[in-house]
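Enquirer: Show me the folded form of this:
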Amino acid sequence: MKIISKYVAALAALSLSISVAIPAQAAITDRQSVSDSSYDGGLSLYTEIVELEVAEESTNPDLLYVWLHMWLPVYSYDFVDGAFAGIDVDSDLDGRTDFTIFTDDTPYDYGRVEHVLTVWDPVNQRLVPGCTVETWVDLDSEASWIGFGLPKSCLGIINSQVNLQGFAIDPDSSDDSGDFVPDGSNFAVFNVQGVAVSEPENPVIGSALPKLTSEKIYKTPTPAKSPIDLVSTAEQVGKSVVSVVCRSSSGTAWAADATISADMRSAGVKTVLVTNHHVIADCLGDKLVTVVLADGSEEEGYIWSSDSDMDLASVLLYVKIPTLDWRGEKPKQGWWVGTIGNPMGINSSLTTGVISKVSTEGNVVLTSVPINPGNSGGPLFDRNGRVIGVVTAKLVDSENMGIIIGSPSLCGTLFDCGYQRPWSTSLKSLPLKKYSNCSKMNGDYTGGVKKTISSKNKGKTPIYRAVISSSVYAKNKHLDKDRDGLVCER
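Expert: Just a heads-up that it's a prediction; the model follows:
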């Protein structure tokens, strides 16, 4: 059961396949194969593999064909009801599986019609977004093979070699393992044409750093309190948070409020994302990553700036998404904070806590907010939704001790902040809002003017503060009792 359990999580996550027509046969080149070194007589014969073969296609250099040659002819329902076959891929040649492709419970069809399989990332325990593999058999000829079409680009096959292992498993067999080619935990090494590294259409190399915006900012009101409406705050922040997929790993990024340079705008750049360097490090060759937006749609992102020492990076996006402010009062111990990210591949997950400590050096914040793999690069935000820093790591062997790179570290590395500083200790409180008539607000009765504030100058218009009932606040969600007040002039 040990070998079978290796694939249980992936099988549970596989989605239904769809049927498509097989493209016309193209010129197949560079056939290579490795044979099974032993016959595993204890297994079901239909899951016995005799050979693993690969080849490439002259007209489509991104496609790598892989065949599992079986002991017996493959029939429509051989790999349904629990039995499965597939390929383990080690694209970075480190001896560990980076991707796994499985057959699913969809029966193979006559007429050489293939169906599409999803790709499993065993490192991050998730399906790889936007990456699919086609599989087919030849039922009409009673062929004894299963074919797979592997896209090199999304499987990270950029080198001149790739490690592969084929497998076929029948959980109902008296032998609870499976047949593997090569045997055991070994990979077969195949020589391939790696995907060529190409520059994106609009690399905007040499552009000036995006600039920090200069709108007036104020102190954070009652920062130790959670947002009055956390549901609304999480929804607003979540629109600016994305998943970044790089090869076999993924992390989080967020859209930063900044002024993009003219040449970036002319190149089509509309959003600047902030993340960690270690999230995108494996994609620095072609500088391209897949960005999964909050609505689930996918866009191509271009790595524009990165700093391994600071563990920071920026990614340019050619679509507009809402941005987050990252300027404000310097945070202090005890502040309420939250983060939205993609821990363990669970998209748009919210966790909250407090600031445990603010380092006097290096703009580092420690937080009790739970941090897990996949959260890296996400925003740590306060009760107003303002970003305090970048979620980066957690202390080993500790509970809820997350490490955050403070937003001042973005200056000079990813953004031109000029004379401004993202953290300030000399901010004023948000001024009271002035209304000429306090009896109405958004169409809701305020309860009248209850408390008089003495006029500063005799003979001038007296000033009153309206005391607003809880029911009115409930109908006016934009108001914060701890922050907003009404100054009424009559």
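
Enquirer: Now do stretch 400-416, average pLDDT.
Expert: Confidence over stretch 400-416 (mean pLDDT, whole number) is 90.

Enquirer: So for it, first residue to last residue, what's the gap.
Expert: Terminal residues of stretch 400-416 lie 33 Å apart, using C-alpha to C-alpha, to the nearest Å.

Enquirer: what's the distance between that stretch and the middle of its chain?
Expert: For stretch 400-416, the separation from the chain centroid amounts to 19 Å (computed by C-alpha atoms, centre = their mean, to the nearest Å).

Enquirer: where does the chain have low pLDDT?
Expert: 1-29, 37-44, 58-59, 111-114, 172-177, 194-207, 430-490 (pLDDT under 70).

Enquirer: Please repeat the previous calculation with a cut-off of 50.
Expert: 1-5, 8-9, 11-26, 41, 437, 439-466, 477-478, 480-485, 487-490 (pLDDT under 50).

Enquirer: just the helices in it please.
Expert: 2-5, 8-13, 230-238, 262-266, 277-280, 470-475 (DSSP state H).

Enquirer: how much space between the closest residue to Lys428 other than its chain neighbours and Pro331?
Expert: Distances taken as C-beta to C-beta, 6 or more residues apart in numbering place Tyr218 nearest to Lys428, at 6.0 Å, with adjacent residues excluded. To be clear about C-beta, it is placed using only N, CA and C from the backbone, and glycine gets the same treatment. Using C-beta to C-beta, to the nearest Å, Tyr218 is found at 15 Å from Pro331.

Enquirer: try Val391
Expert: The value you get for Val391 to Pro331, if C-beta to C-beta is used, is 14 Å.

Enquirer: More neighbours: the two, which one.
Expert: The neighbour count for Val391 versus Pro331, taken as other C-beta atoms under 10 Å, is higher for Val391 (30 against 23).

Enquirer: what's near enough to touch that one?
Expert: For Val391, the contact set (C-beta atoms under 8 Å, 6 or more residues apart in numbering) comprises 252, 339, 341, 369, 371, 375-380, 402, 404.

Enquirer: Which of these are buried? Put it as a ChimeraX command.
Expert: Selecting the buried subset of the contacts of Val391 in ChimeraX, with 16 or more other C-beta atoms under 10 Å as the burial test, is done by:
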select :252,339,341,369,371,375,376,377,378,379,380,402,404
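
Enquirer: Make TSV out of the contacts of Val391 and add distance to Ser297.
Expert: Formatted as TSV, the contacts of Val391 follow (distance: C-beta to C-beta, whole Å):
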residue	distance to Ser297
Thr252	16
Thr339	22
Gly341	18
Val369	27
Ile371	26
Asn375	22
Ser376	22
Gly377	19
Gly378	19
Pro379	20
Leu380	25
Gly402	29
Ile404	28
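
Enquirer: Which of the contacts of Val391 sits closest to Thr352?
Expert: Val369 (6.2 Å; C-beta to C-beta).

Enquirer: show me what contacts that closest one?
Expert: Val337, Gly338, Thr339, Thr351, Thr352, Gly353, Leu380, Val391, Asn400, Gly402.

Enquirer: so which of those comes closest to Ile157?
Expert: So of these, ranked by how close each gets to Ile157 (C-beta to C-beta), first place is Val391, at 30.8 Å.

Enquirer: what's the closest non-adjacent residue to the closest one?
Expert: Closest to Val391 by C-beta to C-beta, 6+ apart is Gly378, at 4.4 Å.

Enquirer: which ones are touching the one you found?
Expert: Each residue near Gly378 by C-beta under 8 Å, 6+ apart is listed here: Val241, Gly251, Thr252, Ala253, Trp254, Thr339, Ile340, Gly341, Asn342, Val390, Val391.

Enquirer: Now the two most distant members of those.
Expert: Taking C-beta to C-beta as the measure, these have their most distant pair in Asn342 and Val390, spaced 14.3 Å apart.

Enquirer: neighbour-wise, which of these two wins?
Expert: Higher neighbour count among Asn342 and Val390: Val390, with 32 against 28, using other C-beta under 10 Å.

Enquirer: Name the nearest residue to the more buried one, sequence neighbours excluded.
Expert: Nearest residue to Val390 in three dimensions, chain neighbours excluded: Ile405, at 4.6 Å (C-beta to C-beta, 6+ apart).

Enquirer: Show me what the one you found is bridged to.
Expert: Val364, Val390 (DSSP bridges).

Enquirer: Check whether it really touches Met310, as I assumed.
Expert: Yes. Taking contacts as C-beta atoms under 8 Å, Ile405 lies within contact range of Met310: 7.0 Å.

Enquirer: More neighbours: the two, which one.
Expert: Ile405 (25 against 19).

Enquirer: what about the more buried one, distance to Ala256?
Expert: 13 Å.

Enquirer: Ok, Leu366 next?
Expert: Distance from Leu366 to Ala256, counting by C-beta to C-beta: 22 Å.

Enquirer: which residues touch Asp78?
Expert: So, once contact is read as C-beta under 8 Å, 6+ apart, Asp78 ends up touching Tyr46, Tyr108.

Enquirer: and what of Val119?
Expert: Counted by C-beta under 8 Å, 6+ apart, Val119 has contacts Phe99, Thr100, Ile101, Leu127, Val128, Cys131, Thr132, Val133, Cys154, Leu155.

Enquirer: For these, please prepare JSON lines with the additional fields neighbour count.
Expert: Shown next, in JSON lines, are the contacts of Val119 (neighbours: other C-beta atoms under 10 Å):
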{"residue": "Phe99", "neighbour count": "24"}
{"residue": "Thr100", "neighbour count": "19"}
{"residue": "Ile101", "neighbour count": "23"}
{"residue": "Leu127", "neighbour count": "17"}
{"residue": "Val128", "neighbour count": "23"}
{"residue": "Cys131", "neighbour count": "20"}
{"residue": "Thr132", "neighbour count": "18"}
{"residue": "Val133", "neighbour count": "23"}
{"residue": "Cys154", "neighbour count": "21"}
{"residue": "Leu155", "neighbour count": "24"}
